[in-house]
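J.: how would this look folded up:
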Amino acid sequence: MPAHARVPAYAHPVLRITDARTRQSVEAAPARRGLTRIEAHVPSFDTGALRVLLVADLLVRALELGGTPAWGVLTGEREQSELRAGSAALGVRPFEDRRDVGSGLGEGQVVHVVAEGGASPEGLRVVVAPVDPEEPGVTEGADPTALRLALISRRHGEPVRLDRAALADAHATLVRWRHAVAAWARQPSRPVPDEARTRLRTAWEDDLNIPAVLQALTWVETSADLPEGARFETYAYADRLLGLELTRDLGSPS
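T.: Numbers count the residues shown, from 1 in each chain. All right, here's what the predicted structure looks like:
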């Protein structure tokens, strides 16, 4: 590299999302350091509304990991307390109430997250496909973090079939990963490998492709060449986006 050449301050890709109005891929935050507001539109409380709030939460987390300040705003007139309680149980960060949000905050962009067939506000819009519960009451008594994983395990534009088998699979995955993370944490720490970081960021910066993020974690789990300390740091890093409490069992008996 010539002596006068400079490495860009932000060399990796930025988060891009598909605008539902135009079907074009656009930057979620054109002004990287400008405040981005993620506005979730949910008219009432149900599992589909929780999925909308989860996608909004993931957008906020992904933007923050990329260095862009972001905040979530809840737009809804009914069942606000139920929505907030349900989303908090799933690990969604608290949303501001839109009625309390003033103007003139210098936002770089507003991203609207809406349910398929729901609100159609002006501006950049992310559409979340519905949840199809196979049986009534399937979420009653479910492990909230397993429910979170089940709801984010498909791309946000694809419907989710939510049944007891899906929740059981999500719970089993969490148990396996948490046990592995607790074991890896007992070994000397190592940095997140470049390839692992690239796989993770490439996935979530491609229209918030969470299934590809989960596939990258499976690769980290099973790759024979990674030190266990590096596996631990990679899972801890990815969980800043996923919010699955993957380090919850640290210090527990093996």
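J.: looking just at contacts, which helices and strands does the lengthiest helix in the chain meet?
T.: Of all segments of type helix in the chain, defined using DSSP state H, the longest is helix 164-184. Packing contacts for helix 164-184, counted by 3 or more Cβ pairs under 8 Å, 6 or more residues apart in numbering; DSSP states H and E, involve helix 144-152, helix 210-222, helix 228-242. C-betas here are computed from N, CA, C, even on glycine.
J.: relative to helix 210-222, how tilted is the shortest one?
T.: Relative orientation of helix 144-152 and helix 210-222, computed by axes from the mean of the first three to the mean of the last three Cα atoms, to 10 degrees: 120 degrees.
J.: quick check: angle from helix 144-152 to helix 164-184?
T.: With the same axes, to 10 degrees as the basis, helix 144-152 and helix 164-184 are set at 110 degrees to each other.
J.: quick one: buried residues of helix 144-152?
T.: Neighbour-count burial for helix 144-152, counted by 16 or more other Cβ atoms under 10 Å, picks out Thr145, Ala146, Leu147, Arg148, Leu149, Ala150, Leu151, Ile152.
J.: Can you tell me which of those residues is nearest Ser223?
T.: Leu149 (21.4 Å; Cβ to Cβ).
J.: so what's the closest one up against?
T.: Contacts for Leu149 (Cβ atoms under 8 Å, 6 or more residues apart in numbering) come out as Ala170, Thr173, Leu174, Leu242, Leu244.
J.: about what we covered before: what comes up buried for the longest helix of the chain?
T.: Ala166, Leu167, Ala170, His171, Thr173, Leu174, Trp177, Arg178, Ala180, Val181, Ala182, Trp184.
J.: Check what contacts it and list those residues.
T.: If you take Cβ under 8 Å, 6+ apart as the criterion, helix 164-184 is touched by 134-135, 138-139, 142-143, 145-147, 149-150, 153, 160, 217, 221, 228-229, 231-232, 235-236, 244-252, 254.
J.: quick revisit: which one of the contacts of Leu149 is nearest to Leu54?
T.: Once Cβ to Cβ is applied, the member of those that ends up nearest Leu54 is Leu242, at 10.4 Å.
J.: Distance check, the closest one against Ser81.
T.: Distance of Leu242 to Ser81, given as Cβ to Cβ, to the nearest Å: 26 Å.
J.: Then Thr222?
T.: Distance, Thr222 to Ser81, by Cβ to Cβ: 43 Å.
J.: Give me the neighbour count for the nearest residue to Gly118 once chain neighbours are set aside.
T.: Once flanking residues are discounted, Gly118 sits nearest to His41: 6.3 Å by Cβ to Cβ, 6 or more residues apart in numbering. Neighbours of His41 under the rule other Cβ atoms under 10 Å: 22.
J.: Show me where the stretch 51-200 of the chain has its strands.
T.: Here the stretch 51-200 of the chain has its strands, by DSSP state E, counting those that start in this stretch, at 70-75, 96-97, 107-115, 124-128, 131-133, 160-162.
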